[in-house]
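Engineer: Have a look at this prediction, sequence included:
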Amino acid sequence: MLPDVGPPDTFDALASGLSSAPVIIAHTGFQHGIQLSLTPAGARALLGVPAAALGSWAVDLEDVLGVDYRELNDGLAGTPTWPERFAILDRILARRLVASGEVGIDSALSQAWRMLVSDPGRPVRTVADELGWSRRHLTGRFVAEFGLPPKEVARVARFHRSRSLLRTAGPHRLADVAAVCGYYDQAHLAREWRDLAGVPPSRWLAEEVFPIVQDE
């Protein structure tokens, strides 16, 4: 079972779940590594746990991967080139994928996730009605599997959409981004960014120093 407390003071690798609040990770000023973004289904298949088990904090990756962690950590640290490192990561994750079998997210819950992520403005009641569930039941299932209630998942999805758009070749007018992503206006966009990222989008754009490296 994964710990239900905060992270250790330091760690070499970490995992985290969905969060509707900013999580700050401090470092010494120099960092390099591999960042892997997973869907909730990917978390179950590759990490062996639902996204909710990771919590909204950072946990030591060794607590998640178990015996595979040492092979992964030692292999990445002892390999000189990035293609070789990616090959090690692929091998270990593919092995975990095969071992996971058919365990996955309930199909109705997956459908609800897709509806809210593809259309964050869709009312939660509408999603519950389409599944034949009560809103309370839908919320309970979401929290158990994803770690957040449906409304918060929609907020994070809308934020992710705006962030992805801002990372494309610009310049971008924030008012246009707000409209495309389903915010009421630019002020709404800025408030949500402060709540979810800790900074307004204008400041994030000015301070983001490695947007391309993390995407590759």
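Structural biologist: The structure has been received and is ready for your questions.
Engineer: Show me where the chain dips below the pLDDT cut-off.
Structural biologist: Residues of the chain that meet the criterion pLDDT under 70 lie in 1-9, 102-103, 209-216.
Engineer: Just the element for the residue nearest the centre of it, please.
Structural biologist: Centre of the chain computed as the mean C-alpha position; nearest residue by Cα atoms, centre = their mean is Leu18, 5.3 Å away. With the criterion set as DSSP states H and E, no secondary-structure element contains Leu18; it sits in neither a helix nor a strand.
Engineer: Repeat that for Val59.
Structural biologist: Mapping Val59 onto the secondary structure by DSSP H and E places it in strand 58-60.
Engineer: which helices and strands does the helix or strand just after that strand pack with?
Structural biologist: Along the chain past strand 58-60, the next helix or strand (assigned with DSSP H and E) turns out to be helix 61-65. With contacts defined as 3 or more Cβ pairs under 8 Å, 6 or more residues apart in numbering; DSSP states H and E, helix 61-65 has these neighbours: strand 14-16, helix 67-77. (C-beta placed from N, C-alpha, C; glycine too.)
Engineer: Which residue of this structure lies farthest from its centroid?
Structural biologist: Checked against the mean C-alpha position of the chain, the extreme residue using Cα atoms, centre = their mean is Pro80, at a distance of 28.4 Å.
Engineer: Could you measure from that residue over to Ile34?
Structural biologist: Here the criterion is Cβ to Cβ, to the nearest Å. By it, Pro80 lies 15 Å from Ile34.
Engineer: to the chain's geometric centre, what's the distance from stretch 66-81?
Structural biologist: Using Cα atoms, centre = their mean, to the nearest Å, we find the averaged C-alpha position of stretch 66-81 to lie 23 Å away from the chain's own average C-alpha position.
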